[in-house]
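> sequence-free structure coming up:
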């Protein structure tokens, strides 16, 4: 009887292992070579012109490990009649259960900033297309930074950490290992102008981006 039970249990484990193997994600996007993204980001975005890579809050050092991001771009842009805008893009070719893009509220909190409650609002990026963008204010005694960001994971744009985990699971069920993009813009402008400025900058960035960069930022515009 014991032998029969062990045989049945063994068969069940073997069947489960076979099913898991058959469902293992095997669709991957082409890996983006290190440093390529920097060359794809334009120096002119609407009225804003690239100034320098200084002053941008970066992910914490552990998040900058070679395994987490293939490409990181950090830039500050200035315009004659608009506040400066800081841009940070972090891209990873393969998102899995261990390596996933980290959300900005984590690195700002780790940097000693106090954060306002998160707000998620639709942001128009093309006629008939919008994405859910997250907004918060990060403060220290000598700096108040208004932040707008979104994350893209494969063909989905999750607006929360739980949504990111859910979308990863859905992609894996489709046998896909999705890539991941974190796009963050911020400004030190005052409350009245901050979010409209950031929205205009994002819209100009996407409108002026090459097709490849646009797809990395928000996925296919046509869908």
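That came in fine, so what should we check first? Every value quoted in this text rests on a predicted model; they were computed, and no experiment measured them.

> ranges for the strands of the protein?
Listed in chain order, the strands of the chain (DSSP state E) span 27-28, 44-45, 48-52, 71-79, 82-92, 114-115, 119-126, 129-140, 143-153, 176-177, 180-187.

> The fifth one pairs with which strands?
On the basis of DSSP bridges, the sheet neighbours of strand 82-92 come out as strand 71-79 (antiparallel), strand 180-187 (antiparallel).

> Check the longest one too.
Sheet pairing of strand 129-140 (DSSP bridges) gives strand 114-115 (antiparallel), strand 119-126 (antiparallel), strand 143-153 (antiparallel).

> Turn these into CSV, columns for mean pLDDT and mean neighbour count.
Backbone N, C-alpha and C define where each C-beta goes, glycine included. Listed next are these as CSV, based on pLDDT from 0 to 100; neighbours: other Cβ atoms under 10 Å:
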stretch, mean pLDDT, mean neighbour count
strand 114-115, 95, 13
strand 119-126, 92, 14
strand 143-153, 93, 22
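
> okay, these in JSON lines with distance to residue 191 next?
Converted to JSON lines, the strands paired with strand 129-140 look like this (distance: least, Cβ to Cβ, whole Å):
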{"stretch": "strand 114-115", "distance to residue 191": "15"}
{"stretch": "strand 119-126", "distance to residue 191": "13"}
{"stretch": "strand 143-153", "distance to residue 191": "8"}
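
> Looking at the strands of the chain, which one is packed in the most?
Ranked by average neighbour count under the criterion mean count of other Cβ atoms under 10 Å, those are headed by strand 180-187 at a mean of 24.

> Looking at the strands of the chain, which is nearest to residue 35?
Comparing the strands of the chain by their distance to residue 35 (Cβ to Cβ), the top pick is strand 71-79, with 6.9 Å.

> hmm, back to that, so which of the strands paired with strand 82-92 comes closest to residue 121?
It is, among the strands paired with strand 82-92 and with distance given as Cβ to Cβ, strand 180-187, at 13.9 Å.
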